[in-house]
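Q: Starting from these lines, generate the structure:
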Amino acid sequence: MTTKKNAQTRQGFKTNEYIVYPSHGVGQIVSIEEQDIAGFKLELFVITFEKDKMTLRVPTAKIAQVGMRKLADADVMAKALDVLKGRARIKRTMWSRRAQEYEAKINSGDLIAISEVVRDLYRSDTQPEQSYSERQLYEQALDRMARELAAVERIGEAEAIKQIEAQLAKGPRRGAAKAEDLDDADEAEVEAA
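A: Take a look at the predicted model:
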């Protein structure tokens with residue numbers, strides 16, 4: 001049995017608010033429900049992900065555990081956009097290992113980490129093409145970042161992608177990663193591997 005609650009706020013989140021769910025990106029809390037599950041009353045956030053045509057029910061008591069958070073504030077968004085202008089930091093490890101690290105950053109829900117993935121996997125028209133898996137990860141990270149930027153600034157996703165790509169274009173000319181391009185921490189990690 002499901003009953004909708006009149007209360008509009010739980011754990012600092014309220015209905016109709018946009019949030020970030022780490023493994024799915026930006027969603028909207030459409031209601032707070034109470035369900036009987038195995039004899040227990042459970043209070044749930046009902047979150048819709050419009051673009052994915054998906055609805056998720058998350059126990060209100062588990063939001064910290066799953067990493068659900070409010071949209072980034074203006075300062076965090078500005079920092080994430082600044083990250084895009086930086087030099088790509090590509091570790092000299094096997095692609096499969098880097099791909100796992102990129103995937104973990106994307107699913108962390110951390111906007112700064114997601115912007116690092118976008119920066120590191122971005123290729124301009126003058127650079128060699130990406131592999132299929134690189135392009136998939138880049139597009140996934142770009143989509144997550146664009147959705148959050150669009151929700152924060154109340155603009156369309158296409159406009160958000162244009163803003164992100166404009167920031168990427170301001171970065172240093174990107175070519176193949178050279179040893180001098182890697183920072184000391186990356187070099188130490190490569191030597192240790």
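Q: Tell me where the protein is predicted with low confidence.
A: 1-7, 10, 173-193 (pLDDT under 70).
Q: Lys79 and Ala166, how far apart?
A: Between Lys79 and Ala166 the computed distance is 17 Å (Cβ to Cβ, to the nearest Å). C-beta coordinates here come from the backbone N, C-alpha and C atoms, glycine included.
Q: Please disregard the earlier target; I meant Arg87.
A: With Cβ to Cβ as the criterion, Arg87 and Ala166 are 17 Å apart.
Q: can you check Ala160 too?
A: For Ala160 relative to Ala166 (Cβ to Cβ), the value is 11 Å.
Q: Compare the two and say which one has the larger neighbour count.
A: Ala160 (21 against 12; other Cβ atoms under 10 Å).
Q: wait, what's in contact with the more buried one?
A: Met145, Ala146, Arg147, Leu149, Ala150, Glu153 (Cβ atoms under 8 Å, 6 or more residues apart in numbering).
Q: For PyMOL, write the selection for the buried entries among those.
A: Buried members of the contacts of Ala160, defined by 16 or more other Cβ atoms under 10 Å, are picked up in PyMOL with:
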select buried, resi 145+146+147+149+150
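Q: now, which of the contacts of Ala160 sits nearest Thr48?
A: Lowest distance from Thr48 to those (Cβ to Cβ) belongs to Arg147, with 13.1 Å.
Q: check which helix or strand covers that closest one.
A: Taking DSSP states H and E as the definition, Arg147 sits inside helix 132-153.
Q: For that helix, which residues meet the burial criterion?
A: Buried residues in helix 132-153 (16+ other Cβ under 10 Å): 134, 137-138, 140-152.
Q: Likewise for stretch 103-123?
A: Those buried within stretch 103-123 under the rule 16+ other Cβ under 10 Å are 105-107, 109-111, 113-122.
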